[in-house]
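Visitor: need a structure here:
(one chain, ligands or ions: 2)
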Amino acid sequence: MKVTAIGTGYVGLVTGACLAEMGNHVVCLDVNPEKIRILNEGQIPIHEPGLLEVVRRNVEAGRLQFTTDVDMAVQHGTMLFIGVGTPPDEDGSADLQYVVAAARSIGQRMTDYKVIVDKSTVPVGTADKVRAAVKEELVKRGLGDMAFAVVSNPEFLKEGAAVEDFSKPDRIIVGSDDEQATLLMRALYAPFNRTQDRMVVMDVRSAEFTKYAANAMLATRISFMNELALLAERVGADIELVRRGIGSDPRIGYQFLYAGAGYGGSCFPKDVKALVKAASDAGIPLKVLTAVEEANERQKHVLVDKVVARFGSDLKGRRFAIWGLAFKPNTDDMREAPSLVIIDELTKRGATVAAYDPVSMPETARVLGPRDDVTLVDRAEAALQGADALLIVTEWKEFRTPDFDAIKGSLKAPVVFDGRNLYDPKLMKALGIEHYGIGRGATV
Ligand SMILES: NC(=O)C1=CN([C@@H]2O[C@H](COP(=O)(O)OP(=O)(O)OC[C@H]3O[C@@H](n4cnc5c(N)ncnc54)[C@H](O)[C@@H]3O)[C@@H](O)[C@H]2O)C=CC1
Ligand SMILES: O=C(O)[C@H]1O[C@H](OP(=O)(O)OP(=O)(O)OC[C@H]2O[C@@H](n3ccc(=O)[nH]c3=O)[C@H](O)[C@@H]2O)[C@H](O)[C@@H](O)[C@@H]1O
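Guide: Ligands and ions are numbered 1, 2, ... in the order given. Purely as a prediction, here's the structure:
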């Protein structure tokens with residue numbers, strides 16, 4: 001099939017590349033010429049495991065191309081996927097300006113039947129706005145009768161596992177009230193849907209809602225565990241043992257129950273805020289979800305609270321090593337990363353920071369700008385030299401079994417604030433390391 005992916009970010013690029021992998025002819029369009037230049041030079045603008053190989057393979061096979069040429073891109077696809085950003089507006093609601101602009105650019109150019117697929121995360125009612133924008137542009141061109149469909153097909157991939165998640169989806173949600181469009185969506189997704197029918201077809205509004213409900217549920221599990229972790233510390237229980245204890249119940253399951261330094265990323269924070277705002281506008285305030293957001297804001301400060309409890313609130317003259325800057329492992333994405341809050345809180349109190357991340361240092365440098373109080377170092381061990389303590393913020397694999405002797409030898413005193421519960425508190429005690437985890441009340 002002929003497919004156009006509008007927006008070459010995490011979602012648009014992965015969608016375009018993975019659809020090309022199945023034999024479709026895909027054009028990826030972006031308004032950012034720099035991204036298209038990088039892609040046309042055989043590189044990818046993001047760190048995403050396995051993506052470069054899929055992109056290169058399909059470019060070589062002549063099934064995948066990148067362009068800023070809107071006329072060509074709109075002309076090319078029968079299926080046009082909108083995967084542009086939906087960042088939070090000032091009031092927390094999803095800013096739909098990029099989605100509507102993409103819709104308009106389609107309406108201004110299309111000359112035959114198109115299926116317009118909303119892949120971006122968008123509030124209930126957005127498909128209607130997209131339809132109205134396309135129609136308005138068609139009417140301006142005297143083509144008001146031209147047929148097209150708008151379908152909701154939210155994406156559930158996780159950064160760092162995007163290709164794997166897209167290629168082996170748990171479910172494929174299709175919100176459609178157009179039979180022909182539904183058939184085309186079935187055909188397009190058939191290769192990803194062979195072993196078991198994972199496509200759930202529903203009305204458009206329910207599909208739009210499903211995306212927010214999924215992210216809200218996952219964020220709720222994390223905030224719930226983070227709050228229980230605070231209590232566990234106070235009452236002398238270990239949240240890691242509690243996690244294993246409750247996860248064994250299949251009704252609960254093990255996933256997304258890790259207490260930590262708070263959730264970040266481009267989606268949970270913005271989608272929780274957007275759903276809270278949409279609900280309040282609809283006169284149905286979501287009390288649980290409001291608390292989820294509040295708990296997460298508090299959680300991002302928990303590690304620094306522990307630093308302050310140990311070293312005092314005046315941190316002038318102190319230096320801290322930070323391991324892990326990206327909002328999660330296997331990505332260079334720094335959007336809403338807890339590390340940024342932690343760096344801010346430490347430096348505000350007069351400390352300096354030496355930080356290391358396996359892939360996100362260029363992105364961190366871009367986000368932080370030039371700073372005297374933050375040094376980015378190119379090896380984990382280099383961050384430790386002469387630091388008062390080590391803070392673990394992102395659970396990259398290479399931090400899981402470090403050289404503990406080197407940690408002890410390099411820090412001024414062996415103090416570790418373990419924001420992702422990587423280390424066994426009993427082992428740390430045995431090694432003579434002062435270890436502060438999250439919710440590890442029983443074992444410290
Ligand atoms: N990042 C993720 O893991 C996931 C994101 N989503 C959702 O997907 C949407 C996109 O997210 P990301 O891919 O992370 O965004 P992103 O910010 O990485 O990429 C968006 C791209 O769209 C481009 N763009 C903006 N307006 C355009 C236009 N009119 N025509 C062509 N290109 C245009 C931008 O230049 C940018 O390259 C958001 O709604 C997000 O909530 C959904 C699931 C996973
Ligand atoms: O809508 C989206 O963009 C995506 O948002 C999340 O994916 P992502 O943000 O890439 O990453 P996650 O693995 O979900 O992690 C999000 C944050 O939660 C934190 N987290 C995750 C799991 C956990 O148990 N504890 C925890 O603190 C992570 O450290 C990270 O900061 C969802 O998992 C995807 O299904 C969804 O498609």
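
Visitor: Please make it C-alpha for all contacts and neighbour counts, starting now.
Guide: Fine.

Visitor: the strands in the stretch 51-200 of the chain, which residues?
Guide: 64-67, 79-82, 114-118, 148-152, 172-175, 199-202 (DSSP state E, counting those that start in this stretch).

Visitor: Nearest to ligand 2, out of these?
Guide: Comparison of the strands of the stretch 51-200 of the chain against ligand 2 by Cα to the nearest ligand atom identifies strand 172-175 as nearest, at 11.8 Å.

Visitor: returning to that earlier point: can you redo the strands of the stretch 51-200 of the chain as TSV with distance to residue 344, mean neighbour count and mean pLDDT?
Guide: Formatted as TSV, the strands of the stretch 51-200 of the chain follow (distance: least, Cα to Cα, whole Å; neighbours: other Cα atoms under 10 Å; pLDDT from 0 to 100):
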stretch	distance to residue 344	mean neighbour count	mean pLDDT
strand 64-67	38	23	98
strand 79-82	35	27	98
strand 114-118	36	25	98
strand 148-152	39	25	98
strand 172-175	39	24	98
strand 199-202	44	16	98
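
Visitor: Distance to residue 89 for the ones you listed - can I get that in TSV?
Guide: TSV is the format used below for the strands of the stretch 51-200 of the chain (distance: least, Cα to Cα, whole Å):
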stretch	distance to residue 89
strand 64-67	28
strand 79-82	19
strand 114-118	19
strand 148-152	22
strand 172-175	25
strand 199-202	28
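
Visitor: closest to residue 333 out of those strands?
Guide: strand 79-82 (20.9 Å; Cα to Cα).

Visitor: Now render the strands of the stretch 51-200 of the chain as CSV, adding distance to ligand 2.
Guide: Formatted as CSV, the strands of the stretch 51-200 of the chain follow (distance: least, Cα to the nearest ligand atom, whole Å):
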stretch, distance to ligand 2
strand 64-67, 23
strand 79-82, 15
strand 114-118, 13
strand 148-152, 14
strand 172-175, 12
strand 199-202, 16
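
Visitor: Of those strands, which is nearest ligand 1?
Guide: strand 79-82 (8.0 Å).

Visitor: neighbouring strands for that closest one, and are they parallel or not?
Guide: When sheet partners are counted by DSSP bridges, strand 79-82 sits next to strand 2-6 (parallel), strand 114-118 (parallel).

Visitor: Check the offset of that strand from the chain's centre.
Guide: Distance of strand 79-82 from its chain centroid, counting by Cα atoms, centre = their mean, to the nearest Å, is 21 Å.

Visitor: Now do the SS call for residue 15.
Guide: At residue 15 the chain is in helix, as set by DSSP: H, G, I helix; E, B strand; the rest coil.

Visitor: Below-threshold pLDDT in the protein: ranges please.
Guide: Where the chain drops to pLDDT under 70, the residues are 443-444.

Visitor: Stretch 223-237 and ligand 2 in contact?
Guide: No. Stretch 223-237 is not in contact with ligand 2 by Cα under 6 Å from any ligand atom; minimum separation 8.0 Å.

Visitor: Tell me the buried residues in that stretch?
Guide: Residues of stretch 223-237 classed as buried: 223-233, 237 (neighbour count, 16 or more other Cα atoms under 10 Å).

Visitor: quick one: it to chain centroid distance?
Guide: Its chain's average C-alpha position is 25 Å from that of stretch 223-237, according to Cα atoms, centre = their mean.

Visitor: which bits of the stretch 51-200 of the chain sit near ligand 1?
Guide: Residues of the stretch 51-200 of the chain lying close to ligand 1 by Cα under 6 Å from any ligand atom are 83-86, 98, 101-102, 120-121, 155-159.
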